Each structure stands twice: as C-alpha cells, then as structure tokens.
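[1] this is the structure alone, sequence omitted:
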Ligand SMILES: Cc1cc2nc3c(=O)[nH]c(=O)nc-3n(C[C@H](O)[C@H](O)[C@H](O)COP(=O)(O)O)c2cc1C
C-alpha cells in the first residue's frame, strides 16, 4: 500500500505518480490522505490500480479514468468521473452536479445521492446511484445505463438519445422526448448485473425503464414546441 | 384623354431598401416551410472589416526594409505561459477547428498536409480526432467542445495543444448542428449516436459554467496531460475585453477570438447575421485586456473571422494579435466554391461563391460532405499543396507590408502603422481616420 499525503506533497506529484503506473505495476494499491476537497484528484489514470481517497474531493475526481478503481471515502464535488472510459469509481457519500458527465465506459457508483445533471451527455458509462438524483439528469444522454435506486428530479432524460434510464422511486417529471418504456427480460438482466456490481440489494423488478421516444431525432416543424 | 395620360411622367417602380427581394424571398420561404434557414459560412452582410484599414508605409521618419534582401521573420510561439511544450510555428496563420463530420476525411487530411508543409498547425473540431488528421498534421490542436463527441484521454495526450471551445464567432451562445444526411457510419460511431439522425451539439459545457469553474477545468486538463501542452480558450467575439480577461484569469495560455464573419458548418442564418460583433471590433479590446493584466505577448491572442489575405494577417497583427486562424479561406484554397463546379451549383439552386448549404452534404467540391463519391473528388495531396501555396502567399504578402513599414518581424507591426478609411473602422480599430490624428472616442465623445 502506497500512501500519499496530498496536503503535504501536492496534486502534481500525486497525479504524476498515479499516471506513471503501467498495466503491469505491482504498486496496485494507493491511499490518498488529506484530500480536503482538492480538485482533479486521480485524473487521467490508465492502469489497473486501486486508489482510495480518504475524505471528500472537489471537482473532477477520477476524470477521464481508464482501468483504475477509484474510491472516495467521502463525498465528491462536481463532475466526478467525468468522461470516464473504463474502470470503476465509487463514491461512498453524495456526488455534486454532473456526476459521470460524458462518460464513455466503466462503472460509477454513488452510494448517497447525486445532484443535478447526473449522467449528462453520457456516452456509454454505467452509473448506479443508491439514493436520489437531481433535475436535468441524463440530459442529451447518448448511451449507457443510469440506474437510480431512489427518486429522480425534474426533466429526467431531456433530449435523450439512446441511453437507458432505470428509476426505482418517483420521477418528478420527464424531459422532452423521454418516455416510460416496457421493461423487457434483457433490461432486467442488465439491471441485475449493475445492481449486483454496485452492491445494491434493490430488486430489478422494482424499477421502471425510461428511454427516448425518438421523436426529436430529425427536425420536424410539428415538434416546434419541444425545441 | 388616353393620349394625354401617356404623356404624364410615371413614377418608376422603386424597390424597398427594407423589404428587398432577398428579404421577401426569405419571408415566402419561411411562410411555406415553417422552419428557419440553416446554412454554413459566416456573416455575409457588409460589416466594418480589415478592408477599412490602410497601412501608412515608410516615410521620412520611418525607413523601410529592402524587399527580398532584409529579413522579416514570421515565426510565432503559442503557449509560453504554462505549457512545457509551447507550439512553435513558422508562420502566424493557423488552420481553425473544423469538424470531421462537417468536412470529409480527405478534406481534413488536405488541411493537415497543407498546414504542415507551411509550418503551421491545424485543429480538430466537433466530432473528435481522426487518425488521418493526426497523421498528416505535424502540429494538431485538439478541440474540447461542449458535445465532447469522441473525447478521450488517449487522443488528448496525442494533441500538441488543447482548445477549449466556449463559442464561435458565427454563433456565440449557440451549439452545433450536423444534419442526419451527413451522419455516416463512421461519423455516427465517433460520436456514439445512431446513424442518420440530426446531431445537436450542446451550446454549453456539460460540467462547468462560468470562469471559476473554467479555471478548475483547465487545471484538470493540465493534470491529465502533465502540464505539457498549451491550453487555448476560444470564444466568439461578443464581450472581448471581459472574455479575454476571464480566460486569462482562468489560466489560458492562448485566447482565440472569433469574429462574426467567422464561418460555421451549419447554423441558423439569423444567428450568423445577428449575434456577435465584427472581427475588427474585437481585437483592440482583447489586446487591452491582455495589456491591463500585464500579459500581452505572454498569453497569445489568435484572431479569426474573415481573414483572407496577407493584408488581413498584417492588420490583425498590427492591432496586437499574435496569430490568426482561417477556416473559410482554407476551404476555398482546397477548392470550395470553385467555378469549375458551376453547373452543379446551379442544379443545387445556387451559384459559385454563394454555395453555403454545407450542412446538406452534397458539396460538388467534395469538401463539406460525407458522401464517398463526392469526397473522392478531392485529392488530398493536390488540395494540400494548394493550401500550402496559399499560406505561403499570405505570409509573403504580410512580409511585404511589414518591410514597407520598416519591421523585421511581423510582430513588430503596430497600430501606429495603420489608419482607417471610415469613422466606424477608426472607432473599432482605434486608429486615426486617414489624414487625421483622431479617432472617435480618443478624446472622449
Ligand atoms: C466547415 C466549418 C466547420 C467548422 N467547425 C468548427 C468546429 O467544429 N469547432 C469550432 O470551434 N469552430 C468550427 N468552425 C469555425 C472555425 O473554427 C473558425 O472559427 C472560423 O471558420 C473562422 O472564420 P473564417 O471561416 O472566416 O476563417 C467551423 C467553420 C467551418 C467553415
């Protein structure tokens, strides 16, 4: 186990050390102490290492992550795991706005609640939120799965493309072109797998599925009220 | 009686200056279709521009440099503020960001070839980085846009610089648009979208708003790329003083300011013609902001929007820019709007020089298309050569002017070398009206 004191040694040293780890590294386990809400902690990683942040983080923790498993033992500021490509990011507490924004792959797990715009423009990432999510979540979401074990705020999935949204609780309102869809067996399979991997004991059958009505995919003057 | 009537002088039919034929045609088109006009290109209306400025040249008090004999350097380094590896260019004319998707693969390759041969950089665009483009561009700027289409850390680390796009001159405050007919399999795949649907690019970044966030975003990008490469911030010209100051405050290495004449691949005509300010009007306020913050020349300023010739380059530099970027002119050099396609332009209901339906993907010149047959019309090697030649000519022209003004580097051009032909240009460029020592606002209004 490598321990890095962020307060004492600075951000550049941390990211440089973590980014320097190769796929074959044997220094697979890292602990970051004294994060104190710093921004851009553990960004741009690309090795199968495990990084545990002992406290809360500022903006963009684990941004653009590849392969690594990053755990925040606290809450995460805006844009946690933004544009993640692969690997796993787990937030034990709550996540601020834009969690998992534009992510292409990997799994983001938020044990608490996530604020507004969770999964905005997501492009293939899987996001599981144990609690609730805020308004405008999955705005323009293109691909991937967003699983919400609690409730969703206003305008869920506005201008949605092909991402799948699963919500167990209530949805305050759906955004333009987002509709409830049938839950088919393949969706229950996806859900089961994601819930398991995210450590949630929620049952797939308790969820509803939402997706794009695909009415806004090509400009049509009849839809002008939605533009 | 009838004979008398014939002798009465008639009032000639008078066309309205307000309701012109093109305006009325647009009203009829809107009435018939119910949708606004979308097109490519920049503002077509006449606005104060570099043509309204003149160089003074040498005189008794200033002696010129010998043309061809005495050196007049053209190099520029971008990104000297924080980046470990600033971009060193032989000429101060760069190729602006134009997306793969809007442009064909061969067109992007031609831009890379031409720019590299001329010793300058080219820029990706909405839609990500293609291997052809990376391979053929010796210096490639990677755009970081609101859509984040194709954005990934591996390409980010292949870039020689990163350009955070806040806005474009053609549409400050607007997002992008790529209509379904241009979404080929490859474009769809790069953007993670279904084929054939209209692709909307967001107008605002998904994970930051405002200058304080931007500072943190820049920090993140630097941490991901090890503080190696410069980070540019590109804005559409609207509030140039404050946008420049805020970009500097947020930690930009380079500010790119794009005026309203700047081209776009596709946007509403109303946006192109009515939002944003002319290129000429944004340079002095941007330079002023850099000077007020004590970072003029340390944070470089790149100006774009309607740059066509070495004279335009020299004028932008004289007003304080460090370099310029070209989009439309580069496409014309490749072969866009070439008269040799006139019969095909006619079939599309347009004519050479006016063709701007770049979003429809039917470009006879094979540049703004994803149709393989049309795209095959452009030979990237030949087109790249034309672009290189054009860039060389622009550079020679700018050098000619700089020598005439007595400067041994293009960057030594200064506002004192200029005068203005119109009051508007004098006010915007803050250089005297020709033959006077005054410009509007100089002694207050
Ligand atoms: C076909 C085309 C595509 C463009 N695509 C982008 C883009 O993806 N991102 C961007 O920031 N600007 C884009 N632009 C704007 C250019 O980067 C640049 O700001 C503009 O072309 C400069 O003005 P000029 O065309 O008068 O030289 C595009 C312009 C054109 C003509």
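    Perfect, I can see it now. Since this is a predicted model, take the numbers as computed values, not measurements.
[2] residue of the stretch 101-250 of chain B nearest chain A, please.
    Using C-beta to the nearest C-beta, the single residue of the stretch 101-250 of chain B nearest to chain A is residue B:224, 3.4 Å away. The way it works is simple: take the backbone N, C-alpha and C, and place the C-beta from them, glycine included.
[3] that residue touches residue A:64, doesn't it?
    Yes: at 5.6 Å, residue B:224 and residue A:64 qualify as touching, with contact defined as C-beta atoms under 8 Å.
[4] between the two, which contacts overlap?
    A:43, A:44, B:153, B:156 (C-beta atoms under 8 Å, 6 or more residues apart in numbering or on different chains).
[5] pull the longest helix from the chain.
    Just going to use chain A. helix A:185-197 (DSSP state H).
[6] wait, chain B was what I had in mind.
    Chain B, longest helix under DSSP H: helix B:380-404.
[7] does anything pack onto that one? Which helices or strands?
    On a contact count with 3 or more C-beta pairs under 8 Å, 6 or more residues apart in numbering or on different chains; DSSP states H and E, helix B:380-404 meets strand B:93-95, helix B:105-117, helix B:310-318, helix B:328-334.
[8] near the ligand too, which of the shared contacts of residue B:224 and residue A:64?
    Among the shared contacts of residue B:224 and residue A:64, proximity to the ligand is found for none (C-beta under 6 Å from any ligand atom).
[9] pick the one among those residues closest to the ligand.
    residue B:156 (16.1 Å; C-beta to the nearest ligand atom).
[10] just list the residues touching that closest one, thanks.
    A:64, B:142, B:144, B:162, B:221, B:224, B:225.
[11] check residue B:400 too.
    So residue B:400 contacts B:67, B:310 (C-beta under 8 Å, 6+ apart).
[12] if you rank the shared contacts of residue B:224 and residue A:64 by neighbours, which is first?
    Neighbour counts for the shared contacts of residue B:224 and residue A:64 (other C-beta atoms under 10 Å in any protein chain shown) peak at residue A:43, which has 30 neighbours.
[13] tell me the pLDDT at the residue nearest to that residue when sequence neighbours are not counted?
    Closest residue in space to residue A:43, ignoring its immediate chain neighbours: residue A:63 at 4.1 Å, by C-beta to C-beta, 6 or more residues apart in numbering or on different chains. Listed pLDDT for residue A:63 reads 98.
[14] out of the contacts of residue B:156, which is most surrounded?
    Neighbour-wise, those (other C-beta under 10 Å) top out at residue A:64, 27 neighbours.
[15] got a list of what residue 208 touches?
    As the question left the chain open, I've gone with chain A. Per C-beta under 8 Å, 6+ apart, neighbours of residue A:208: A:166, A:167, A:168, A:171, A:180, A:183.
[16] actually it's chain B I care about, not the one you picked
    A:59, A:78, A:79, B:214, B:216, B:217.
[17] just residue B:257 next, same as before
    Neighbours of residue B:257 in contact, by C-beta under 8 Å, 6+ apart: B:169, B:234-235, B:237, B:240, B:243-244, B:282-283, B:286, B:301-304.
[18] any weak-confidence spans in the chain?
    Since no chain was named, I'll use chain A. A:221, A:224-227 (pLDDT under 70).
[19] was after chain B, sorry
    Ranges of chain B meeting pLDDT under 70: B:1-4, B:444-445.
[20] what residues does it put near the ligand?
    Residues of chain B lying near the ligand (C-beta under 6 Å from any ligand atom): B:40, B:42, B:96-99, B:102-103, B:125-126, B:143, B:165, B:168-169, B:234, B:258, B:261-265, B:304-307, B:326-329, B:358, B:368.
[21] please enumerate residues in contact with the helix or strand hosting residue B:342?
    Taking DSSP states H and E as the definition, residue B:342 sits inside helix B:342-347. With contact meaning C-beta under 8 Å, 6+ apart, helix B:342-347 is reached by B:337, B:351, B:352, B:354, B:355, B:364.
[22] what about 10 Å?
    B:337-339, B:341, B:350-355, B:357, B:362-365, B:374 (C-beta atoms under 10 Å, 6 or more residues apart in numbering or on different chains).
[23] by neighbours, which of the residues you listed wins?
    residue B:363 (30 neighbours).
[24] quickly note the distance from that residue to residue B:9.
    With the distance defined as C-beta to C-beta, to the nearest Å, residue B:363 ends up 51 Å from residue B:9.
[25] ok, now residue B:51?
    Residue B:51 is 40 Å from residue B:9, by C-beta to C-beta.
[26] who has more neighbours out of these two?
    Taking other C-beta under 10 Å, residue B:51 and residue B:9 do not tie; residue B:51 has more neighbours (17 against 5).
[27] helix/strand/coil for that one?
    Following DSSP: H, G, I helix; E, B strand; the rest coil, residue B:51 is assigned to helix.
[28] so it touches residue B:425, yeah?
    Yes: counting by C-beta atoms under 10 Å, residue B:51 touches residue B:425, with 8.6 Å between them.
[29] what touches both of these two?
    Counting by C-beta under 10 Å, 6+ apart, the contacts common to residue B:51 and residue B:425 are residue B:280.
[30] next one: stretch B:157-168 to chain centre, how far?
    15 Å (C-alpha atoms, centre = their mean, to the nearest Å).
[31] for it, list every residue counted as buried.
    For stretch B:157-168, the neighbour count (16 or more other C-beta atoms under 10 Å in any protein chain shown) marks B:157, B:159, B:160, B:161, B:162, B:163, B:164, B:165, B:166, B:167, B:168 as buried.
[32] from these, which ones fall inside helices?
    Those of the buried residues of stretch B:157-168 lying in helices (DSSP H): residue B:157.
[33] overlap between the buried residues of stretch B:157-168 and the residues near chain A?
    Checking those against chain A by C-beta under 10 Å from any C-beta of the partner chain, the ones in range are residue B:157.
[34] quick check: closest non-adjacent residue to residue B:392.
    residue B:118 (6.1 Å).
[35] which residue ranges form the helices in the stretch 101-250 of chain B?
    Counting by DSSP state H, counting those that start in this stretch, one finds helices in the stretch 101-250 of chain B at the ranges B:105-117, B:131-136, B:153-158, B:185-191, B:210-224, B:240-249.
[36] in the sheet, who's paired with residue A:57?
    residue A:76 (DSSP bridges).
[37] what's the closest non-adjacent residue to residue B:306?
    residue B:261 (3.2 Å).
[38] number of residues surrounding that neighbour?
    Neighbour tally, residue B:261, other C-beta under 10 Å: 27.
[39] which phi and psi does it have?
    Backbone torsions for residue B:261, taken as degrees, to the nearest 10, come to phi -80, psi -10.
[40] contact partners for residue 200?
    Since you didn't name a chain, this refers to chain A. A:109, A:111, A:128, A:129, A:130, A:147, A:149, A:168, A:191, A:194.
[41] correction: the question concerned chain B.
    Here residue B:200 is in contact with A:140, A:159, A:161, A:216-217, A:219, A:227, B:147, B:175-178, B:193 (C-beta under 10 Å, 6+ apart).
[42] same deal with residue A:52?
    Contacts of residue A:52 (C-beta under 10 Å, 6+ apart): A:1, A:3, A:29-33, A:42, A:69-73, A:90, A:92.
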